[in-house]
Each structure stands twice: as structure tokens, then as C-alpha cells.
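Trainee: pasted the sequence and its predicted model underneath.
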Amino acid sequence: FRGRRHCRNTHAREGAYTVITVQNLRKEYGEFEALKGISFDVPKGQIVGFLGPNGAGKSTTMKILTCFMSASEGSVTVDGLDAYSESTAVKAKIGYLPESTPLYSDMIAYEYLEYVAAMRGIAASEHEERIRNVAATCGLKTFIGQEIGTLSKGQRQRVGLAQALIHDPPILILDEPTSGLDPNQIVEIRSLIRSLGKDRTIILSTHNLPEVMETCDRLIVIHQGEIVADGTAQELEEREATNPQVFLTIRGDSVDGDHLHNAIAQLEGVASVRCAPGIEQR
Ligand code: ATP
């Protein structure tokens, strides 16, 4: 984290009402445990970056938060509503940009947004105004009459954000919103997310540390289904400076886990060694 201090200051929002509460969330896909009991709270108005490598569990968490998938265990509360038993009300409060938005390539962008508005239960008489508003917010005006299949990746991502905003939700969940974009498009989408975050609570996922540093108030780092760090960039920098954590992945057929564990523990400056849950120490 050193040398990066662009992260937005979250302290102005301290003491805010907690809008999302995640408690001991577990998800199993068959035998595989993708989430191993994660817990966190998100105060109203915060922009949270969910950071982690491929397969860490980011999309799984987002699908559960947005009621697209149920958890194996644990609970999610959104604005006091249970995401499992009150999922319709929770969905109305959330705008979701999935990792791959189902944008229909032969539809005109305007028609697609009309379709999403109808799916959201918005009265037909309101569609035009709603679409005009999201088109202005997301910068769609110049290509809203174009077929989705002919749009650039960045333009399509803007349409994806517009569909997430069509019902004017107070919470946005954005799964890798800048993935696959070129550097100019990344700058544009980040700035759009920052402006959306002025009056919304946002959780976005990314593999990209600069992304969270530039866009978010707070980072939650997830690794192998566990939260391994949670705080502002400054807090994580301070922790890194005073008590750094090093994650090692050691592969091989003849690795002696106990021997390695003991050898690492005896190194100068190593305070403790822990084998990640779910990893066999052989
Ligand atoms: P990425 O950054 O690559 O999108 P992620 O952090 O979003 O990764 P997830 O998509 O949540 O990770 O996946 C977490 C783990 O769960 C991965 O090991 C993945 O292979 C596994 N997984 C996800 N969905 C399923 C599924 N439907 N069936 C079985 N395993 C799954």
C-alpha cells in the first residue's frame, strides 16, 4: 500500500447507519467451501472495495448479497431486511452489475433499458423519464439509440450501470465494473462510480489495488473465502508497517508441511505462522 494515498477519507461518514450486515456467511458448492464464514458491516454512504485474487469468493458474496443465490449458512441484512426471507424488498433496494451483464446484443440500448424497467415493475408511463435520467447520469446520450452489439466495451458497461440504476436504488453492488476496459474507459467508469457514490452505498469487486485506492473509502481483502484484511487504506498501510502479514502458497508432492511450518516459525522477525483453514498441512 505504500506510496498510495488517494483513498477517500471515510471518517466524515463515521457513525453512519449500518445499511448492510453480513454475519458468518458460508457457501459450499458441493464439497468445496467457497466462503468460510465471513462477516462485515457497511455503513450508509460508504464505497467499499472488495479485493481478492481469482476464485477468492468475491462474486459468490455479491450474488448472495443481491439475493441471486442463497448462502449455506449465515445471514445478510439490508436496511433491516433479511436477504433470504425478504428478498423482493431487498432486491428493490439494490442495483446489481453482475460480472457479465446479460446485455442482449440485438437490442437497442434504449429498448433494453425499457425492458429492465418493466422487469423492475416500473410503470410504463415512467419509463421515458427514468431512462432519460440514467442516460444523463451514465453518459449514454450519444449512443442510446444504437444496437448493444455495436457498442464498445466501455459503452456497454455504461448501459450495464444504467440498468443497475433504473429503479434509483440506494445501494449498488458492482462486480468487477472496470474489467476488460481500456485505460481511458477505466478512468471514466471510476469517475462515474465516484460520482454515484456521493449519495449511495456501493460495494465493488476488483483484482486491482489501484482501483480500490482511487475509488473506495474502505478495502475488504478476501482470500480463499476468508476476510484477511478490512480497513481504510491508511489503516491497512499502518498495519502493514507495524505488523505485516505474508501469505505463502507452497506446492509440491513431497512438501513436509510440519517441517516447513516449524522452519518458517523460527525465522527472525516471524511472530506467528498459521495454516489457512481448508489447506491440508501434510
Ligand atoms: P474472480 O475474480 O475470478 O471472478 P471470485 O473471487 O469472484 O473470482 P467466485 O466466483 O466467488 O470467485 O468463486 C469462488 C470459488 O467458488 C472459486 O473456486 C470457484 O471456482 C468456485 N465456484 C463459484 N461458483 C461455483 C459453482 N457454481 N459451482 C462450483 N464452484 C463454484
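Mentor: Looks like it arrived, so ask away.
Trainee: how far out from the middle of the chain is the helix or strand of the chain with the lowest mean pLDDT?
Mentor: Using mean pLDDT, DSSP states H and E, the weakest-scoring helix or strand in the chain turns out to be helix 233-242, at a mean of 76. On the basis of C-alpha atoms, centre = their mean, to the nearest Å, helix 233-242 sits 22 Å off its chain's mean C-alpha point.
Trainee: now that helix: buried residues?
Mentor: By neighbour count on 16 or more other C-beta atoms under 10 Å, the buried set for helix 233-242 is 233, 235-237. (Glycine included, C-beta is placed from N, CA and C.)
Trainee: can I get it in PDB, CA atoms only?
Mentor: C-alpha atoms of helix 233-242 as PDB (Å, rounded to 0.1, in the frame of the first residue of the first chain):
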ATOM      1  CA  ALA A 233      -6.100   2.300   3.000                       C
ATOM      2  CA  GLN A 234      -4.400   4.300   5.800                       C
ATOM      3  CA  GLU A 235      -5.300   1.700   8.500                       C
ATOM      4  CA  LEU A 236      -4.000  -1.100   6.300                       C
ATOM      5  CA  GLU A 237      -0.800   0.800   5.500                       C
ATOM      6  CA  GLU A 238      -0.200   1.300   9.200                       C
ATOM      7  CA  ARG A 239      -0.800  -2.400   9.900                       C
ATOM      8  CA  GLU A 240       1.500  -3.300   7.100                       C
ATOM      9  CA  ALA A 241       4.200  -1.100   8.500                       C
ATOM     10  CA  THR A 242       3.900  -2.400  12.100                       C
END
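Trainee: who does that helix touch, helix- and strand-wise?
Mentor: strand 218-223, strand 226-231 (3 or more C-beta pairs under 8 Å, 6 or more residues apart in numbering; DSSP states H and E).
Trainee: can you show me the strands along the chain?
Mentor: 18-29, 32-43, 47-51, 73-78, 81-82, 94-97, 171-175, 201-206, 218-223, 226-231 (DSSP state E).
Trainee: ok so, going back, nearest to the ligand, of the buried residues of helix 233-242?
Mentor: Leu236 (18.8 Å; C-beta to the nearest ligand atom).
Trainee: pretty sure that closest one sits against Leu219.
Mentor: Yes - if you go by C-beta atoms under 8 Å, Leu236 and Leu219 touch, sitting 6.2 Å apart.
Trainee: what do those two both touch?
Mentor: Ala229 (C-beta atoms under 8 Å, 6 or more residues apart in numbering).
Trainee: can you pull the residues of the stretch 51-200 of the chain lying near the ligand?
Mentor: Taking C-beta under 6 Å from any ligand atom as the criterion, the neighbours of the ligand within the stretch 51-200 of the chain are 52, 54-60, 99.
Trainee: try it again at 8 Å.
Mentor: The stretch 51-200 of the chain comes close to the ligand at residues 52-63, 99, 175-176, as judged by C-beta under 8 Å from any ligand atom.
Trainee: select only the buried ones of these in ChimeraX?
Mentor: Per 16+ other C-beta under 10 Å, the buried members of those correspond to this ChimeraX selection:
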select :52,56,57,58,59,60,61,62,63,175,176
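Trainee: farthest pair within the residues of the stretch 51-200 of the chain next to the ligand?
Mentor: Between any two of these, the greatest separation by C-beta to C-beta is 18.0 Å, found for Pro53 and Lys63.
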